[in-house]
Each structure stands twice: as structure tokens, then as C-alpha cells.
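Engineer: Give me a model of this one.
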Amino acid sequence: MTTQREKILILSGSLGDGHMQAAKAILEASAIYKPNVTVKVVDIMEWIHPRMHVFERYCFMKWVKHFPSLYGYLYQKTRVENPLTYLLKQFRSSSLQRLCKLIQEVNPTVLVSTFPPASAAISMLKEKGMTELCSVTVITDHSDHSYWIHPHTDLYLVGSEEVHKALLNKGVPDLKISVTGIPVRPFSTQACSKQRLREKFGIDPTSFVALVMGGGWGMIDHTFIDQVQSNLLRPDVQFIIICGRNVKLMHRVHEALHDKANVQIKGFVEEIHEWMAVSDILITKPGGLTTSEALAQQLPMLLFEPQLGQERDNAKYLIRKGVAMPCEVEMLQSQLNEMVEYPELLQDMRKKAGECRQQDSASQAVTKILNVISDTVVEKDTVSIPQYA
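Structural biologist: Next up is the predicted model:
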């Protein structure tokens with residue numbers, strides 16, 4: 001009998017870049033470390049609502065940007081299981097049927113989710129007996145929110161021991177949890193020469209470099225630009241402002257700061273780990289993937305006050321670990337001055353980042369995903385009780 005080649009179907013989502021970035025990290029790690037394994041990444045929103053997903057994403061982004069307090073309120077209200085979370089986890093039969101069609105077409109040996117709605121949909125499929133495939137959920141924030149947790153998930157991959165303990169407190173069995181770190185792309189963990197990269201990017205090797213990220217979620221607004229323009233342009237601090245795919249923001253920042261010799265303005269950059277490697281501090285909002293990439297490079301962080309619930313969870317974790325400090329725009333100048341003048345503060349933060357980062361998180365995730373398949377095969381061979389009653 002021919003054994004089916006292992007095939008991983010990763011269901012992700014495009015509400016924010018982090019979920020898809022984690023999926024791509026697993027895809028790339030598999031190609032490097034397990035080239036005999038096939039991996040396919042699918043945006044579940046695009047698959048289920050092919051004509052509506054762009055509009056849905058646009059509405060979500062506008063909601064988060066203009067009503068973050070409402071988002072935060074609902075996030076807290078649904079942190080633990082209650083009738084509201086039950087309603088939010090439901091899927092229409094037509095959506096489940098489309099998902100079943102995808103599974104039939106791909107014919108995977110395991111289902112992986114890096115997106116909470118995908119985790120919910122997979123669990124519902126298994127509950128209804130529409131699939132018996134193993135399911136793995138990759139939690140892409142330092143959070144134990146109920147929307148990640150579902151009764152038919154076989155394994156949770158989490159970013160820290162704190163999340164591990166939090167899931168145990170919610171009743172998830174220990175055997176179903178593995179601390180791998182939040183998966184970041186394999187090249188993000190590579191050691192880089194700061195001096196060589198500064199030469200490559202034309203950065204003064206003696207300057208203090210502040211890397212600014214977060215344009216996609218509106219962190220770089222007119223208030224921040226005004227601060228950089230009027231207060232933060234000390235000659236020994238080099239600012240690198242990365243606007244991502246936010247073209248409108250990039251034009252606005254360029255218009256305001258293009259004449260400043262110590263400001264570099266970038267759009268989307270593929271080699272973000274290199275820009276992190278040349279930097280002394282990262283100024284950002286605490287997204288799960290961005291901060292995990294920073295930890296991989298042992299880059300200290302200044303975190304602007306998070307508005308989203310998962311960002312609050314991330315910020316609490318990072319600040320508690322001593323690898324980040326909270327920040328407001330009005331405080332930024334004084335905090336940067338302190339770090340420039342007292343470099344031992346950054347040295348201590350770098351050391352702590354090295355202590356809590358997870359090495360090779362994506363390759364660890366691939367290994368755990370493949371192991372859950374073999375473990376389930378062994379279980380089925382040794383246990384006579386049917387999987388579904």
C-alpha cells in the first residue's frame with residue numbers, strides 16, 4: 001500500500017498581516033527543513049467569500065482604526081466562553097460546504113490554522129463529522145482569548161510559557177499544547193553583521209538608529225510626524241520609517257520629512273530582519289509577528305499604547321519580560337534621549353530578549369505539525385474507541 005505524502009493545508013486570514021505572515025513562515029520553513037512535505041496556504045475569507053473578502057477587510061480596518069475602543073471592549077467581553085462567543089464562532093452551512101470542497105481538492109493530511117475564524121470553522125467541521133483530519137492551531141499573539149480555543153483542536157502551538165499556562169487554566173490538556181514561539185520566517189532568525197548592513201544601507205556606523213514600523217494600522221499619524229519633524233531630529237539619531245503597503249501614508253511622510261538628512265522613508269520591505277539588525281530600538285505597536293521578529297534579532301522595543309485587545313496582551317508580556325517599554329508620542333523624545341545617553345539600558349533589554357526568544361520557531365512548528373499526524377495514527381491503531389460517537 002502506498003502511503004500518502006504528507007500535505008499541510010494552512011488556513012489563514014488577511015485581517016492584519018500577522019496571520020498570513022505566520023502561515024508563510026511555516027511554508028518557508030517546511031521548504032527548507034522538510035522539502036518532501038507539501039504545504040498550501042489559503043486565505044479562508046477569500047475562499048469562503050470570494051466576492052466580498054476585500055470589502056470585509058476594508059470595513060474591518062476602518063472599524064479598528066476609527067473605533068478601537070469598541071473593538072477592545074468586545075475583545076474583553078469575549079475573552080472567556082459566553083453566549084456571545086458562541087454566536088461569533090458559528091458558520092453558515094454554505095461556508096462549511098465550501099471549506100469541505102477545498103479540503104477535498106487539496107486532500108491534505110493535516111489542517112493548520114493561523115487565524116481564529118479558521119480554527120472555529122475546522123472545529124465545526126470535525127464536530128459535524130465532515131472531516132477527521134488532525135487540526136493544529138497556531139496562536140499568533142501572546143493571548144489565551146476564547147476565539148482561539150475550540151473543542152476539536154488536536155494541538156495548540158503557542159508563543160510563550162505564559163500562554164501555555166493560561167490555556168491549562170482554561171482546561172486545555174497539557175498534551176495538546178506546545179511552546180514553539182510565534183513562527184517567524186526562517187531568515188528572520190539569522191545573525192546579521194550590523195556594521196556590514198549599515199554600510200549596505202548607507203547608515204552612519206556611529207549613529208543611534210530608531211526603526212519605526214506600524215503604518216498599516218495608523219500608528220504613524222500626523223501627531224507622530226509632527227514630533228519627528230519638530231522635536232526628535234537630534235543629529236546623532238537616524239530614523240528609518242517603514243510605511244509598509246500604506247502608499248498614502250508613505251507619500252504624507254515623505255512630503256513632511258523628505259528634506260531631513262537623518263530620516264529614511266521606506267514602503268514595504270522584504271528584508272525586514274536586516275533593517276531590524278541595523279537598528280538600536282524598534283518603535284511600533286505590539287503586533288505578535290512584528291515583535292517576535294524583533295525578539296529574534298534581540299531588538300529592544302518602545303511600544304505605543306495598544307488599542308486592540310491582542311496588542312494589549314502582547315504588550316503586557318513584552319514589558320513584563322523587560323524587552324520593551326511603554327511609550328506615548330509625547331514621551332518619545334525623552335525616552336530616546338535616555339537610551340542614547342545610557343546605552344546600558346539597551347544592553348540589558350537585548351540580553352533579556354535573547355533569554356525569551358524562541359530559536360527556529362517556524363521549523364519547530366513544522367515538526368510539531370508533522371508529529372501530530374504520526375501521533376494520531378498510533379492512537380488510532382492502539383485505541384478501539386471510534387473518534388466520533
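Engineer: which residues touch residue 174?
Structural biologist: By C-beta atoms under 8 Å, 6 or more residues apart in numbering, the contact list for residue 174 reads residue 168. For every residue, glycine as well, the C-beta is placed using N, CA and C.
Engineer: so where do the helices sit in the stretch 201-350 of the chain?
Structural biologist: 222-230, 247-257, 272-277, 288-296, 309-320, 332-341, 343-356 (DSSP state H, counting those that start in this stretch).
Engineer: all strands of the protein, in order?
Structural biologist: 7-12, 38-43, 110-113, 134-138, 155-158, 177-179, 208-213, 237-242, 263-266, 281-284, 301-304, 324-327 (DSSP state E).
Engineer: what about this protein, any weak spots by pLDDT?
Structural biologist: Under the criterion pLDDT under 70, the flagged ranges of the chain are 1-4, 86-89, 215-224, 227-234, 307, 375-389.
Engineer: Give me the residue at the spatial middle of it.
Structural biologist: residue 289 (3.0 Å; C-alpha atoms, centre = their mean).
Engineer: ok, that one touching residue 184?
Structural biologist: Yes - Residue 289 is in contact with residue 184 according to C-beta atoms under 8 Å; the separation is 6.6 Å.
Engineer: Return every residue with contacts to both of those two.
Structural biologist: 21-22.
Engineer: circling back to that earlier point, can you redo the strands of the chain as CSV with distance to residue 19?
Structural biologist: Output for the strands of the chain, formatted as CSV (distance: least, C-beta to C-beta, whole Å):
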stretch, distance to residue 19
strand 7-12, 5
strand 38-43, 9
strand 110-113, 9
strand 134-138, 9
strand 155-158, 13
strand 177-179, 19
strand 208-213, 17
strand 237-242, 20
strand 263-266, 23
strand 281-284, 17
strand 301-304, 20
strand 324-327, 22
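Engineer: any chance of these in a markdown table, with mean neighbour count and distance to residue 53 too?
Structural biologist: Listed next are these as a markdown table, based on neighbours: other C-beta atoms under 10 Å; distance: least, C-beta to C-beta, whole Å:
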| stretch | mean neighbour count | distance to residue 53 |
| --- | --- | --- |
| strand 7-12 | 24 | 12 |
| strand 38-43 | 18 | 7 |
| strand 110-113 | 26 | 17 |
| strand 134-138 | 26 | 21 |
| strand 155-158 | 25 | 25 |
| strand 177-179 | 18 | 31 |
| strand 208-213 | 24 | 25 |
| strand 237-242 | 22 | 26 |
| strand 263-266 | 20 | 28 |
| strand 281-284 | 25 | 27 |
| strand 301-304 | 22 | 29 |
| strand 324-327 | 21 | 33 |
